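Student: Sequence first, predicted coordinates after that:
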Amino acid sequence: MLWKRNWPVLIFLLLTIDALPFSSALADQLELFGLLEKMEASYEHVGDYTALFRRRERIDGEWRPEEITILKFQRPFKVYMRWLSGPSDGREAIYVEGANKNKVVIHEPRGLSRFFTFLLDPGGWRILEDSRFPFTEIGIGRLIERIGRDARRAWAKKELRLMDRGRTKVMGREVREIEGVLPREQKAGYGSYRMVVGIDEEHGLPIQASIYDWDNVIIGEYSYRDLQLNPGLREADFDPSNPGYQFARWHISLADGE
């Protein structure tokens, strides 16, 4: 039973009930924490997945064009991406933790760059000029880790408000939307002020997230469409020499300072 599985959380809630909004029932808060645990438990059964990953971000105060990419992911951390829209249409990227000098392998389809494959620092300025997060933060697992890290820390400090935004349909999927609100101070050390997460009710994984900064301005929208769990990806899916990919033979490694 849910109450028995979550008795440690229940005890903690009883000890901190004074910190909860008066309108929040104990059972509701327990259920919302249970959804977080379900996300983590569900992801433990995922070895790999594919999806259409949509990203729209505000960088330096301006919205960047929406990007849609084919995403392949395999644990512990292997990523392949191919851009289908936006200024980077046709770009391909691979990151395999511990391989290729721990760099992102990228191929651009236009200009002189198409003759080369570039190795870039996953958290370097070339990556961050087009993304709010390093390449090593891509994927559903990293999203779950970020949610869990901030939620548990904030709950322990009585700084978290959880709200149930109900059930809806996202990309044809039945989704439960949860909003988490954190202190509105960047110095508090959290990743954002608030986040709205859409959890797929069938497999318990987040397939949509919206992130707001400390001025309560939305800075990022992310979604995973056509998510296929455990399709059995192979080494070739994360190999630049895969004949189905367009990575060039000649490699150029660029340090972050160059």
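Tutor: Received it, and whenever you're ready, just let me know what you need. Residues are numbered from 1 along each chain as shown.

Student: only C-alpha atoms for contact and neighbour calcs from this point on.
Tutor: OK.

Student: Doesn't residue 41 lie inside a helix?
Tutor: Yes: counting by DSSP: H, G, I helix; E, B strand; the rest coil, residue 41 is found in a helix.

Student: Against residue 203, how distant is it?
Tutor: Applying CA to CA, to the nearest Å, the value for residue 41 to residue 203 is 10 Å.

Student: for residue 53, same thing?
Tutor: From residue 53 to residue 203 the distance is 17 Å (CA to CA).

Student: what about those two, which has more around it?
Tutor: Just comparing residue 53 and residue 203: by other CA atoms under 10 Å the higher neighbour count belongs to residue 53, 25 against 12.

Student: And whatever helix or strand residue 177 lives in, what's buried?
Tutor: In this assignment (DSSP states H and E), residue 177 forms part of strand 173-181. Buried residues in strand 173-181, counting neighbours by 16 or more other CA atoms under 10 Å, are found at 175, 176, 177, 178, 179, 180, 181.

Student: Would you mind writing the CA trace of that strand as PDB?
Tutor: C-alpha atoms of strand 173-181 as PDB (Å, rounded to 0.1, in the frame of the first residue of the first chain):
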ATOM      1  CA  ARG A 173      -0.700  11.500 -23.700                       C
ATOM      2  CA  GLU A 174      -2.500  11.500 -20.400                       C
ATOM      3  CA  VAL A 175      -0.400  13.700 -18.100                       C
ATOM      4  CA  ARG A 176      -0.500  14.800 -14.500                       C
ATOM      5  CA  GLU A 177       0.900  18.300 -14.000                       C
ATOM      6  CA  ILE A 178       2.700  19.200 -10.800                       C
ATOM      7  CA  GLU A 179       4.100  22.600  -9.900                       C
ATOM      8  CA  GLY A 180       7.000  23.100  -7.500                       C
ATOM      9  CA  VAL A 181       7.700  26.600  -6.100                       C
END
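
Student: Paired strands for it, with orientation please.
Tutor: strand 161-170 (antiparallel), strand 194-200 (antiparallel) (DSSP bridges).

Student: Now do the contacts for residue 144.
Tutor: 39, 40, 206 (CA atoms under 8 Å, 6 or more residues apart in numbering).

Student: just to revisit the earlier point, and the strand holding residue 177, how far from the chain's centre?
Tutor: Distance of strand 173-181 from the chain centroid (CA atoms, centre = their mean, to the nearest Å) equals 15 Å.

Student: Mind listing residues that contact that strand?
Tutor: Taking contacts as CA under 8 Å, 6+ apart, the residues outside strand 173-181 that touch it are 32, 151, 160-169, 193-202.

Student: hmm, 10 Å instead?
Tutor: Contact partners of strand 173-181, identified using CA atoms under 10 Å, 6 or more residues apart in numbering, comprise 32, 35-36, 147, 150-151, 154, 159-170, 192-202, 204-210, 212, 225-226.
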